[in-house]
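Visitor: Requesting a structural model of the entry that follows:
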Amino acid sequence: MLGFHKLEFQNLAFRLVIKIESSSYSIVISDDIFDKLSVFLESHFPDHQIFILVDENTEKHCLPLLSWIENERLTSGDALIVPVGEESKSIDLLSGLAESLIELGASRKSIIINLGGGVVTDLGGFLASTFKRGVPFINVPTSLLAMVDASSGGKTGVNLGIYKNQLGTFCFPEAVFCGLNLLETLPKRELKSGYVEALKHGLIANSQIWNSLIEIDLEQIPSKKIIAQSIEVKNRITLIDPFEKGERKKLNFGHTIGHAVESLSHINREPLLHGEAIAIGIVMESFLSVFHAKLPKQELDEIRIFIFNQFDKYQIKKSDFETLIELMRSDKKNENEGINFTLLNEIGNSKIDFNLSEEEVTQALEWYITI
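Guide: Purely as a prediction, here's the structure:
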C-alpha cells in the first residue's frame, strides 16, 4: 500500500513524505538543498559508493556543487555523463552506462544520484532499478519540469526509437531534493516549458493551481509553494493508484497527443521541449473534452488563449496526421481498440478512459491547424 503524509513547512523548506508499503521517501523543496542531501547521505547511506549521473549541462553548472562529497566515496572521473536531450533515453546508452558501472566496481551497496532534468531522472531511475536487480537512487532534479513531474511518482523509463517511454519500471527513489537555486541557470524557454506540467496538475485536479499560475510570469523562478502544490497533486493521485491501473491515468492528460507531437517534432528535426509539446496536447485534448466530457466551451477558450499567449503554435500539416495517429496508436496507455484519453469535465476535474476513434482524434487535429 502507498501512504501519504501531509505537506510540512519546516526551516524554510517544504517536505513531503510518501509511504510505499513498509518504506518511505521524502521530497524536500528548498532554496539550497545540498546541505540537506549531505545529511541524508551520511545518515542513510554512510558506507555506499556514490555514483553521480549528469548530462553535459549539469556537469558544468551543477556537478561542482557536489564537491563536498568525500572523494573516496566517489568513482574515478566523479560522474557518468550523458549527452543533453531526449536521445539519451535509449537502450544503447543505458547499456553503456551499466557497463561503465561494472567497470567501476559498482555493487548492490552503491547508490546513484541522478543530477539533472527529466531525461536524467528517467534514465538514471531505470538504470538503478535494473542494475543488479536494483540499487538505491536519489533524484536531484535541476529543471522545473523534473521537479514537478519526472523526479517523483516512481516512473522510470527509456524510449524505443521515436516511441516514448516504451520500456520502464515503477521504482521509487530514496529521496528527491528540489533546490530552487538550481533553476537560476535554466534558460527561459526551459523554465516556461517546466510550468506546463504544473498547469496540467491544476487542470486535472486543482483549479486553484491553474488560477494562480495564469496570473504569474512563467519566465520567473516559481516559489517553493507553487512547486510543492504541484507535487502534492501528483503524489495524491499516485497514492490512490501507484501502478497506473486507474486514477493515475489522470496524469496523462495532454500526453496522448502531446507525446505524438513531441515525437513528430524530432522526426522533423525541429525538436520541441517536452512541456511545449504537452501544451499542444493540452489544447487539443481540451477540445476533445468539450465533445466527450462536457468541458464548458468558455473553459476551452480560457485554456486555448492562455496556452497560445505563452507558446508558439507548432505547424502541423495534414500530411502529418497519419504519422501522429500511428504514434498515438503505439502509446502504451492503449488497451483496446481506439486511442485512450484522459479528458476534462471542467477546469480542476478530470475523468479517465475515454476510448476515442481515429476519426474523432482527427477532428481535434483538423481544429488545431485551422484556429
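Visitor: mind giving me the domain split of the protein?
Guide: 2-184, 209-220+253-370 (automatic domain parsing).
Visitor: which stretch in those is the model least sure about?
Guide: Set side by side, the domains of the chain give their lowest mean pLDDT on domain 2-184, at a mean of 84.
Visitor: Can you report how many residues neighbour the closest residue to Asp32 other than its chain neighbours?
Guide: Sequence neighbours aside, Asn181 is the residue nearest to Asp32 in space, at 5.0 Å (criterion: C-beta to C-beta, 6 or more residues apart in numbering). To be clear about C-beta, it is placed using only N, CA and C from the backbone, and glycine gets the same treatment. Look at Asn181: counted by other C-beta atoms under 10 Å, it has 15 neighbours.
Visitor: what's the helix or strand hosting Ile231 packed up against?
Guide: Element membership for Ile231, per DSSP states H and E: helix 224-240. Where contact means 3 or more C-beta pairs under 8 Å, 6 or more residues apart in numbering; DSSP states H and E, helix 224-240 is packed against strand 2-4, strand 13-20, strand 23-30, helix 188-205, helix 207-213.
Visitor: mind saving the C-alpha coords of it as PDB?
Guide: Taking C-alpha atoms only, helix 224-240 is exported to PDB below (Å, rounded to 0.1, in the frame of the first residue of the first chain):
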ATOM      1  CA  LYS A 224       8.600  26.800  -3.200                       C
ATOM      2  CA  LYS A 225       4.800  26.800  -2.500                       C
ATOM      3  CA  ILE A 226       3.900  26.500  -6.200                       C
ATOM      4  CA  ILE A 227       6.300  23.600  -6.700                       C
ATOM      5  CA  ALA A 228       5.000  21.900  -3.500                       C
ATOM      6  CA  GLN A 229       1.400  22.300  -4.500                       C
ATOM      7  CA  SER A 230       2.000  20.700  -7.900                       C
ATOM      8  CA  ILE A 231       4.000  17.800  -6.500                       C
ATOM      9  CA  GLU A 232       1.300  17.300  -3.900                       C
ATOM     10  CA  VAL A 233      -1.400  16.900  -6.700                       C
ATOM     11  CA  LYS A 234       0.800  14.300  -8.400                       C
ATOM     12  CA  ASN A 235       1.500  12.300  -5.300                       C
ATOM     13  CA  ARG A 236      -2.100  12.500  -4.000                       C
ATOM     14  CA  ILE A 237      -3.100  10.700  -7.300                       C
ATOM     15  CA  THR A 238      -0.200   8.300  -7.000                       C
ATOM     16  CA  LEU A 239      -1.300   7.400  -3.500                       C
ATOM     17  CA  ILE A 240      -4.600   6.100  -4.900                       C
END
